[in-house]
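**Student:** this one's structure only:
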């Protein structure tokens with residue numbers, strides 16, 4: 001297939017965000033199966049998520065898209081330098097001589113990057129941005145309530161093996177997290193909560209989290225809060241005054257957060273990548289979804305999806321409730337707690 005004597009070279013493009021990268025994590029394994037493992041798999045991703053992809057057992061190379069560099073050049077109106085940077089990156093991609101590109105992002109920018117590679121076969125999705133113009137084969141995204149449905153669909157074009165979400169934790173990160181938790185008295189049967197995400201309409205109410213943390217403490221659970229650096233203040237506020245609760249938000253890398261989830265007794269969270277990791281590691285998971293409802297069917301028999309099926313839901317990016325977020329208010333701390341007890 002390749003013009004050289006080396007293995008066929010395949011590039012997966014899924015630039016962001018964390019949750020979608022987690023749900024696309026079954027693609028490398030499916031592609032390896034298609035080529036009978038005689039293939040080199042690369043993944044093009046934004047730099048904040050590179051470490052998460054780097055540990056994947058079926059990803060051979062990680063390529064980071066220099067988005068921040070391009071953005072800074074555009075912001076400073078250094079357009080000639082921007083053009084040179086784009087062309088330089090294009091040359092880098094072309095030099096890798098990819099035979100197949102799978103655009104799992106489905107946007108104009110990702111399809112353009114696929115075209116930059118010069119690969120003869122470029123597979124991806126149709127979009128309102130006309131990303132299909134830069135692809136050699138494109139499909140409509142499937143409408144499904146199944147987890148990772150669009151990525152499973154792409155995988156099915158190459159392999160019939162069951163789609164399996166895959167994130168690997170290094171022994172170094174596993175040991176670091178184990179020692180950290182042991183040093184803080186958090187060893188066994190701790191609950192992870194993932195309260196934070198990028199859009200306000202995906203958040204569960206903070207007073208609800210306070211109430212739930214109190215319920216968990218009364219029942220003898222230890223609680224660990226995970227999140228990113230931007231979540232540090234709110235996470236510390238949630239943990240304050242609760243001796244059974246520890247905030248690690250903003251203190252861990254993404255792979256280290258994954259290592260915490262891998263070791264937890266259960267996970268409670270909203271529509272965020274950390275919650276989806278509970279599905280990867282088959283942890284008992286209670287997912288609180290509202291405006292987005294990314295899925296209701298999972299591959300995890302220990303997972304439960306809580307979703308208020310209101311007439312306005314899912315509203316996605318256009319709430320019509322004047323920021324009351326009725327769908328999230330409808331799911332109560334008592335409901336989440338009882339659902340968790342049913343999984344234990």
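**Tutor:** Perfect, thanks for sending it. Bear in mind that the values here come from a model prediction, so they are computed numbers and not experimental data. Residues are numbered from 1 along each chain as shown.
**Student:** I figured residue 281 was touching residue 262, is that so?
**Tutor:** Yes - taking contacts as Cβ atoms under 8 Å, residue 281 lies within contact range of residue 262: 4.9 Å. Just so you know, the C-beta spots here come from the backbone N, C-alpha and C atoms, and that holds for glycine as well.
**Student:** residues of the longest helix anywhere in the chain that come out buried?
**Tutor:** Longest helix of the chain, by residue count under DSSP state H: helix 79-95. By 16 or more other Cβ atoms under 10 Å, the buried positions in helix 79-95 come out as 82, 85, 86, 89, 90, 93.
**Student:** same check, this time on stretch 140-158
**Tutor:** Result for stretch 140-158 [16+ other Cβ under 10 Å]: buried residues 147, 148, 149, 150, 151, 152, 153, 154, 155, 158.
**Student:** ditto for stretch 176-190
**Tutor:** Buried-residue list, stretch 176-190, by 16+ other Cβ under 10 Å: 176, 177, 180, 181, 186, 190.
**Student:** can you tell me which of the buried residues of stretch 140-158 lies nearest to residue 106?
**Tutor:** Within the buried residues of stretch 140-158, proximity to residue 106 (Cβ to Cβ) peaks at residue 150, which comes in at 7.5 Å.
**Student:** what comes into contact with the helix or strand encompassing the closest one?
**Tutor:** Per DSSP states H and E, residue 150 falls inside helix 149-156. Under the criterion Cβ atoms under 8 Å, 6 or more residues apart in numbering, residues 23-24, 26-27, 30-31, 102, 104, 106, 123-125, 139, 141-142, 146, 163, 295 lie in contact with helix 149-156.
**Student:** one step back: as CSV, the buried residues of stretch 176-190 with distance to residue 215, pLDDT and secondary structure would be great.
**Tutor:** Compiled in CSV, the buried residues of stretch 176-190 are given as follows (distance: Cβ to Cβ, whole Å; pLDDT from 0 to 100; DSSP: H, G, I helix; E, B strand; the rest coil):
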residue, distance to residue 215, pLDDT, secondary structure
176, 30, 96, helix
177, 26, 96, helix
180, 26, 95, helix
181, 22, 94, helix
186, 18, 89, coil
190, 15, 96, strand
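**Student:** Make a markdown table out of the residues you listed and add distance to residue 204.
**Tutor:** As requested, the buried residues of stretch 176-190 are exported to a markdown table (distance: Cβ to Cβ, whole Å):
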| residue | distance to residue 204 |
| --- | --- |
| 176 | 29 |
| 177 | 25 |
| 180 | 26 |
| 181 | 25 |
| 186 | 23 |
| 190 | 20 |
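**Student:** Return the member of the residues you listed nearest to residue 315.
**Tutor:** Nearest to residue 315 among those, with distances taken as Cβ to Cβ, is residue 190, at 34.0 Å.
**Student:** Excluding chain neighbours, what is closest to residue 265?
**Tutor:** Using Cβ to Cβ, 6 or more residues apart in numbering and skipping the chain neighbours, the partner closest in space to residue 265 is residue 189 (4.6 Å).
**Student:** can you count the residues close to the residue nearest to residue 158 when sequence neighbours are not counted?
**Tutor:** Spatial nearest neighbour of residue 158, chain neighbours left out: residue 34 (3.9 Å); criterion: Cβ to Cβ, 6+ apart. The number of residues packed near residue 34 is 18, by other Cβ atoms under 10 Å.
**Student:** quick one: residue 34 from residue 61, how far?
**Tutor:** For residue 34, the distance to residue 61 equals 18 Å [Cβ to Cβ, to the nearest Å].
**Student:** Ok, residue 120 next?
**Tutor:** When Cβ to Cβ is applied, the distance between residue 120 and residue 61 equals 20 Å.
**Student:** next one: residue 232
**Tutor:** Residue 232 sits 32 Å away from residue 61, going by Cβ to Cβ.
**Student:** what about the helices in the stretch 201-344 of the chain?
**Tutor:** Along the stretch 201-344 of the chain, the stretches classed as helices by DSSP state H, counting those that start in this stretch are 206-218, 232-239, 254-263, 273-280, 326-329, 333-343.
**Student:** Of all those helices, which one comes closest to residue 13?
**Tutor:** helix 273-280 (17.7 Å).
**Student:** From the contact counts, what lies against that closest one?
**Tutor:** Secondary-structure packing of helix 273-280 (3 or more Cβ pairs under 8 Å, 6 or more residues apart in numbering; DSSP states H and E): helix 18-23, strand 190-194, helix 254-263, strand 266-270, strand 285-289.
**Student:** Pull up the pairing partners for the fourth one, direction included.
**Tutor:** When sheet partners are counted by DSSP bridges, strand 266-270 sits next to strand 190-194 (parallel), strand 285-289 (parallel).
**Student:** on that earlier part again, who's more crowded, residue 232 and residue 61?
**Tutor:** A count of neighbours by other Cβ under 10 Å puts residue 232 above the other of residue 232 and residue 61, at 17 against 14.
**Student:** Alright, I will stop here.
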